[in-house]
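Undergrad: Can you look at this prediction? I've put the sequence above it.
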Amino acid sequence: MFPGAHLEIHASKPAVIVPETGFSQSFAELDARANQLSRMLRSVGMYPGDSIAICLENHERYLEIVWGCHYAGLIYTCISSRLTANEVAYIVNDCSAGVFITSKQFADIAETIVADTPDVDLRIIVDADIDGHLWYERSLDGHSPEPLDEDRIAGMEMLYSSGTTGFPKGVLRNFPNEPIDSRSNGVVSVQDTIYGMDNTSVYLSPAPLYHAAPLKFCTAAHALGATVVVMQHFDAAEYLVHLEEFRVTHSQVVPTMFIRLLKLPDDARNAVDISSLECVIHAAAPCPQPVKYSMIEWFGPIIHEYYAGTERNGYVHCDTQDWLDHPGTVGRAVNCVIHIVDDDGNELPTEETGGVYFEGGAEFSYHNDPDKTAESYLTSGWSTLGDIGHLDEDGFLYLTDRKSYTIISGGVNIYPQEAENLLSTHPAVADVAVCGVPNADFGEEVKAVVKPTDDVTDPVAQAGLEAELIAFCKASLSAMKCPRSVDFRSELPRLPTGKLYKRLLKDEYAKEARHR
């Protein structure tokens, strides 16, 4: 399914609304623009299975661009708008993008990466006319708003996760090469059968669209004929206002957003009518149990939770009653079988903790990283996202740790190896560990623990070096990946083999947080 399939029913109905700018785009307008883009991309030699990269803020044109790529049958990679030029260039090259689309907001990055992305044949800028780049709005002029004159092949996304080297890796699936009107979509099925979305629904998306879940849930909503309301930035008070203003029926959030909503004054929370809400979904990070209890009390028994990854190798879900009956669970398997295994790959019994593996979900690989792909599979064919946990007697899954020590801050995955690798090159650093430590608002924040090359005990000197190291990191990486604080120690916990025992650090900081 796709937006153009709904034109006979509600061509004039809003498909995209961006409240901050007052932008509204009907299904007919969205389909026409996507058709124009698909034709333009075909005219420059982009054919089904070719790759394109997109780096945008939550722009008014974001979803029409994604649909245009989809209509053209392309493999589209949505890049985080918070990355540095070097990080963007790496992904553009790694995904073999022939076309790169960005916006005026990132014009500096677009110009900076030209020399470092020589295989890009066409560069497009939204809202700007810059040398060496096509102006997006003008590039569509002269192209028909009608569908391509061919049997269209559906495109697909290739989004990026972490790699063994610390660099992000694309989650790759076989290109299905299926007609656009017949290709199955698992997220559409989930939206329909589990969350009750249909062509009368209104979906509010408060998160960055480059993330897998917001992107897939928004496009699935369009595939079902639902209106999508996109917030450019999350603000708790504005989120509540939008729920009432647009009579929102469905929304997806991360636990940090719950926390910010709960911190609003009572008069702000009580001033809005949220009776239209039918389903609020959360995922991406652990939700503190007191927070979830409070949200259920406020919003009612409409809160759902799921556990899944960009890899789509398994889907775990629980509704409100499931969670109340099994507090702390992330749910039961929906389209797969969950296995808990030990380090040797042996399956463990109920209530014992081990690696969480899925059987029966989608097959995937990590683009250009066969080692990480191999590490994610057992010889049985079961695959993992790298988490550990246990099952209870009723088959409900509980997550207790993350093998990779991925930091989850405000629902965003941060991979500490990149910052560790960078900080280790600083002349004042003899040894370094980067890990996630508790943060009351975001779940976790990034901390660096450093053994300096010279003894630094004076508080003023430590403060100066801390600021220097954070600035050094931010000069090469996006701010979200850099430590918010640095602690100094004479030694870091390493095993005799030299392996960093990061779990000791994480446990220590977690204990300190509990006793504050």
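TA: That came through fine. Predicted model, so just to flag it, every value in this text is computed and none were measured.
Undergrad: Quick check: the gap between Gln289 and His326.
TA: Distance, Gln289 to His326, by Cβ to Cβ, to the nearest Å: 11 Å. C-beta: built from backbone N, CA, C; applies to glycine.
Undergrad: Looking at those two, which one has more neighbours?
TA: Comparing Gln289 with His326 by other Cβ atoms under 10 Å, the one with more neighbours is His326, at 18 against 11.
Undergrad: ok now do Phe358, which residues does it touch?
TA: Contacts were defined as Cβ atoms under 8 Å, 6 or more residues apart in numbering; by that measure Phe358 touches 313-314, 333, 336-339, 382-384.
Undergrad: Show me which of those are buried.
TA: 313-314, 333, 336, 338-339, 382-384 (16 or more other Cβ atoms under 10 Å).
Undergrad: can I assume Leu422 is in contact with Ser476?
TA: Yes - counting by Cβ atoms under 8 Å, Leu422 touches Ser476, with 5.7 Å between them.
Undergrad: for the strand or helix carrying Asp431, what is the average pLDDT?
TA: Per DSSP states H and E, Asp431 falls inside strand 429-439. The average pLDDT for strand 429-439 rounds to 90.
Undergrad: In PDB, list the C-alpha atoms belonging to it.
TA: Provided in PDB are the C-alpha atoms of strand 429-439 (Å, rounded to 0.1, in the frame of the first residue of the first chain):
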ATOM      1  CA  VAL A 429      44.800  10.400  27.600                       C
ATOM      2  CA  ALA A 430      46.600   7.200  28.600                       C
ATOM      3  CA  ASP A 431      43.400   5.100  28.900                       C
ATOM      4  CA  VAL A 432      39.700   5.700  28.500                       C
ATOM      5  CA  ALA A 433      36.300   4.100  28.900                       C
ATOM      6  CA  VAL A 434      33.100   5.600  27.700                       C
ATOM      7  CA  CYS A 435      29.800   4.300  29.200                       C
ATOM      8  CA  GLY A 436      26.300   5.200  30.000                       C
ATOM      9  CA  VAL A 437      25.500   6.400  33.500                       C
ATOM     10  CA  PRO A 438      22.000   7.000  34.900                       C
ATOM     11  CA  ASN A 439      20.200  10.300  34.100                       C
END
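Undergrad: Note down every partner strand of the following helix or strand past that strand and its orientation.
TA: Per DSSP H and E, the first helix or strand lying C-terminal to strand 429-439 is strand 443-452. Using DSSP bridges, strand 443-452 pairs in its sheet with strand 429-439 (antiparallel), strand 485-488 (parallel).
Undergrad: can you list contacts of the first one?
TA: Contacts to strand 429-439, defined as Cβ under 8 Å, 6+ apart, come from residues 405-409, 414, 416-417, 419-420, 423-424, 444-453, 469, 483, 491-492, 494, 500, 502, 505-506, 509-510, 513.
Undergrad: Please flag which of these sit within strands.
TA: The strands, defined by DSSP state E, take in 407-409, 414, 444-452 from the contacts of strand 429-439.
Undergrad: The stretch 201-350 of the chain: strands as residue ranges?
TA: 202-205, 227-230, 250-253, 279-282, 303-307, 316-318, 332-333, 337-341 (DSSP state E, counting those that start in this stretch).
Undergrad: Now the first one: average pLDDT?
TA: What strand 202-205 shows for mean pLDDT is 98.
Undergrad: For that strand, name the packing helices and strands.
TA: Judged by 3 or more Cβ pairs under 8 Å, 6 or more residues apart in numbering; DSSP states H and E, strand 202-205 is in contact with helix 212-223, strand 227-230, helix 236-245, strand 250-253.
Undergrad: sorry, back to before: dump the buried ones among the contacts of Phe358 to JSON lines, plus distance to Asn174 and pLDDT.
TA: Shown next, in JSON lines, are the buried ones among the contacts of Phe358 (distance: Cβ to Cβ, whole Å; pLDDT from 0 to 100):
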{"residue": "Asn313", "distance to Asn174": "14", "pLDDT": "94"}
{"residue": "Gly314", "distance to Asn174": "18", "pLDDT": "95"}
{"residue": "Ala333", "distance to Asn174": "23", "pLDDT": "97"}
{"residue": "Cys336", "distance to Asn174": "18", "pLDDT": "95"}
{"residue": "Ile338", "distance to Asn174": "24", "pLDDT": "98"}
{"residue": "His339", "distance to Asn174": "24", "pLDDT": "98"}
{"residue": "Trp382", "distance to Asn174": "19", "pLDDT": "97"}
{"residue": "Ser383", "distance to Asn174": "15", "pLDDT": "97"}
{"residue": "Thr384", "distance to Asn174": "20", "pLDDT": "95"}
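Undergrad: what would the residues you listed look like in JSON lines with distance to Asn58?
TA: Shown next, in JSON lines, are those (distance: Cβ to Cβ, whole Å):
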{"residue": "Asn313", "distance to Asn58": "28"}
{"residue": "Gly314", "distance to Asn58": "28"}
{"residue": "Ala333", "distance to Asn58": "32"}
{"residue": "Cys336", "distance to Asn58": "31"}
{"residue": "Ile338", "distance to Asn58": "34"}
{"residue": "His339", "distance to Asn58": "38"}
{"residue": "Trp382", "distance to Asn58": "36"}
{"residue": "Ser383", "distance to Asn58": "31"}
{"residue": "Thr384", "distance to Asn58": "31"}
